[in-house]
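Participant: Below is the sequence, then the predicted model.
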Amino acid sequence: MQHNLARAKACAPQARAWGVVKANAYGHGLERALRGFAAADGLALVEFDNAVRLRELGWTKPILLLEGFFDPSDLELMVRHRFNGAVHCVEQIEWLEAAQRAGRLTAPLDLHLKMNTGMNRLGFTPAAYGAAHARLRALAGVGEITLMTHFANADDAAHPRLPMREQLRRFHAATAGLPGPRSLSNSAGIFRQAEFGDQLGNDWVRPGIMLYGGTPGGKSAADFGLLPTMTLTSEIIGVQQIAVGDAVGYGSRFEADGPMRVGVVACGYADGYPRHAPLGTPVLVDGVRTRLVGRVSMDMITVDLTALPQARVGSKVTLWGRGLPIDDVAEAAGTIGYELMCALAPRVPVVEG
Ligand SMILES: *Cc1c(COP(=O)(O)O)cnc(C)c1O
């Protein structure tokens, strides 16, 4: 985690970095992230309860709530814990104005005013942005306003519909002349920092997946010098020798086309292994890459041991992480590394090392 954070900072040396720790630090655990990202300039997340927890754990640097406050009553926590938060809709501005009138903004709140530059999830349109900014600036209880947007396709340099460059153009056009720091890039945007250079104008970047040794797609984590932070391991708990025509697992979907050895691994969808992983999804057994065969069940998967005559009960298995990039497994399973990390189940014992 420390290494990957240093990589992120090296990619965007002019900017400060929020370490993104939403979703239980992408499945890694909040306390672990707090230690791993101690050198971050701030931590960013979505959940209020975990934001409070970060303060309780002693984090005194900035905390950013990436979706801001969900309800007027959240403002009390924002003020009390000095949370920074995204303002993305007019309702939030109304809640702030009401809180100001009621004298409840007792300490200056730093905010991120979010612009919708084409992703069409959260944020003010470029046309509405200036007016939203002026309303916030008029509130005595509002401190620093960071100008923020989010890229839809930073991982795809040749995106035909909405290239990163176009979102950047819209953002710059609508923020020209407005004071305050800028925050634009997620991991995918940080990976392209060199290509865009100063044009990005990030004062703060928001790396998430890269801090955990994953990528948003495209290049591999190793290309960026990132290290995996989560390695999911198990063992072979049973071996079956099967004959041509024999089938494996629920639905008997995989049928052997010759005699083969099948290893049973103690890991299933109740551990967070994706149930939709198809035949051929890579798995490491004793450090050798082999393939998933048969359906993923709740507590087990089955793998092809034909090329691994030494493998037996107790052989070490890696589902993803060190030696097997999570992005490779995710791609085979039709998902992204983010989802695999976030879905790690509570029953999986976590060992640090
Ligand atoms: C989750 C999130 C990020 C981090 O994205 P990655 O792709 O994981 O780097 C950055 N900004 C915002 C607003 C987010 O919600």
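Facilitator: Structure received. Numbers count the residues shown, from 1 in each chain.

Participant: burial measure for Gln2, as a count.
Facilitator: Gln2 has 14 neighbouring residues, counting by other Cβ atoms under 10 Å. The C-beta positions use only the backbone N, C-alpha and C, and glycine is treated the same way.

Participant: Next up, the contacts around it.
Facilitator: Gln2 makes contacts with Gly36, Phe37, Ala38, Ala39, as judged by Cβ atoms under 8 Å, 6 or more residues apart in numbering.

Participant: Please verify my assumption that Ala99 contacts Gly141.
Facilitator: Yes. Ala99 lies in contact with Gly141 (Cβ atoms under 8 Å); the separation is 7.1 Å.

Participant: tell me, what's touching those two both at once?
Facilitator: Common neighbours of Ala99 and Gly141 (criterion: Cβ under 8 Å, 6+ apart): Leu105.

Participant: related to what we said a few turns ago, compare the contacts of Gln2 and tell me which is most surrounded.
Facilitator: Of all the contacts of Gln2, Phe37 has the most neighbours under the rule other Cβ under 10 Å, reaching 26 neighbours.

Participant: Could you measure from the residue lying closest to it once chain neighbours are set aside over to Ala330?
Facilitator: Nearest in space to Phe37, with sequence neighbours left out and distances taken as Cβ to Cβ, 6 or more residues apart in numbering, is Gly19 at 3.6 Å. Distance, Gly19 to Ala330, using Cβ to Cβ, to the nearest Å: 22 Å.

Participant: Compare the two (neighbour count), which wins?
Facilitator: Comparing Gly19 with Ala330 by other Cβ under 10 Å, the one with more neighbours is Gly19, at 26 against 23.

Participant: Show me what whichever helix or strand that one is part of pairs with in its sheet, parallel or antiparallel.
Facilitator: For Gly19, the element it lies in under DSSP states H and E is strand 16-20. With DSSP bridges as the test, strand 16-20 is paired with strand 42-45 (parallel), strand 204-205 (parallel).

Participant: Throw those strands into TSV and include mean pLDDT, thanks.
Facilitator: Shown next, in TSV, are those (pLDDT from 0 to 100):
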stretch	mean pLDDT
strand 42-45	98
strand 204-205	98
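
Participant: Reformat those strands into CSV and put distance to the ligand and mean neighbour count next to each item.
Facilitator: Formatted as CSV, the strands paired with strand 16-20 follow (distance: least, Cβ to the nearest ligand atom, whole Å; neighbours: other Cβ atoms under 10 Å):
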stretch, distance to the ligand, mean neighbour count
strand 42-45, 7, 24
strand 204-205, 9, 24
